[in-house]
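**Q** Starting from these lines, generate the structure:
(one chain, ligands or ions: 2)
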Amino acid sequence: MARIVFDLDGTLIDSVPDIAAAANATLAEVGVAPLSLAEARGFVGEGAGVFVERMAQARGLSEPARLMPRFLHHYERAVGLTEIYPGVAASLDALARAGHRLGLCTNKPARPTEAVLAHLGWQERFEVVLAGDSLPSRKPDPAPLRAAFDALGDGPMIYVGDSEIDAEAARRAGVPFLIYTPGYRSADLQDLPHAAAFDDWSEVLAIVATMA
Ligand SMILES: O=C(O)COP(=O)(O)O
Ligand SMILES: [Mg+2]
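**A** Ligands and ions are numbered 1, 2, ... in the order given. Prediction:
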């Protein structure tokens, strides 16, 4: 049986509408025009600090750090627009039933991560949850990924993610990478090292069986 660690945003859930709403509530407070969904999507991937820096730069705002507390305030309440990608819930159930051990490693900060997991009823879904601020470093540093796998015991490792950050973290951790292609990637698929790619969650159980 394998140890399978999942990325969150753009892999299991389409959370950009909530992240954009949190960003736009923050921008409204300083009287600045909102982000489009496409802009917000392009800023996700390296955690909340980088998101806010990119947002501030796009709107000509100095001192992005000043915006962080307000962004986090909105972000940890922003769950209502998030949708689980089709087939994810059934796939996670099937993987767990097959005896695989499931973990989560996201660059999303811990409080919004906990909020969205609670909203989705996924508090017990993963044996380990490491968020973007759980450890001193975040993806693409391999440390959080390694820590997530360590918490799952022994067995073959598979990391499932959607972006260049995930591909790089998996490469640096030496873990086979399975990429969900409809996620928030901005690089071309062929430029990202991956063991396998999929666009339909109902395929994952069978792909894992070929890898583990
Ligand atoms: O919140 C982010 O920037 C990215 O989150 P993810 O690592 O779950 O894709
Ligand atoms: Mg992601």
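**Q** Any residues of this structure in contact with ligand 2? List them.
**A** Proximity of the chain to ligand 2 (C-beta under 5 Å from the ion) is limited to residues 7, 9-10, 162-163. (Each C-beta comes from the backbone N, C-alpha and C, glycine too.)
**Q** Of these, which is the most crowded?
**A** Asp7 (29 neighbours; other C-beta atoms under 10 Å).
**Q** what's the distance between that residue and Gln57?
**A** 24 Å (C-beta to C-beta, to the nearest Å).
**Q** Please pull up the helix or strand immediately following the longest helix seen in the chain.
**A** The longest helix of the chain (DSSP state H) is helix 16-29. Using DSSP states H and E, the helix or strand that follows helix 16-29 in sequence is helix 37-43.
**Q** which strands and helices sit next to that next one?
**A** Counting contacts by 3 or more C-beta pairs under 8 Å, 6 or more residues apart in numbering; DSSP states H and E, helix 37-43 is packed against helix 16-29, helix 48-58.
**Q** Is it in proximity to ligand 1?
**A** No. Using C-beta under 6 Å from any ligand atom, helix 37-43 stays clear of ligand 1, with a minimum separation of 8.0 Å.
**Q** wouldn't Leu92 be in contact with Leu102 here?
**A** Yes. Between Leu92 and Leu102 there is a contact under C-beta atoms under 8 Å: 6.5 Å.
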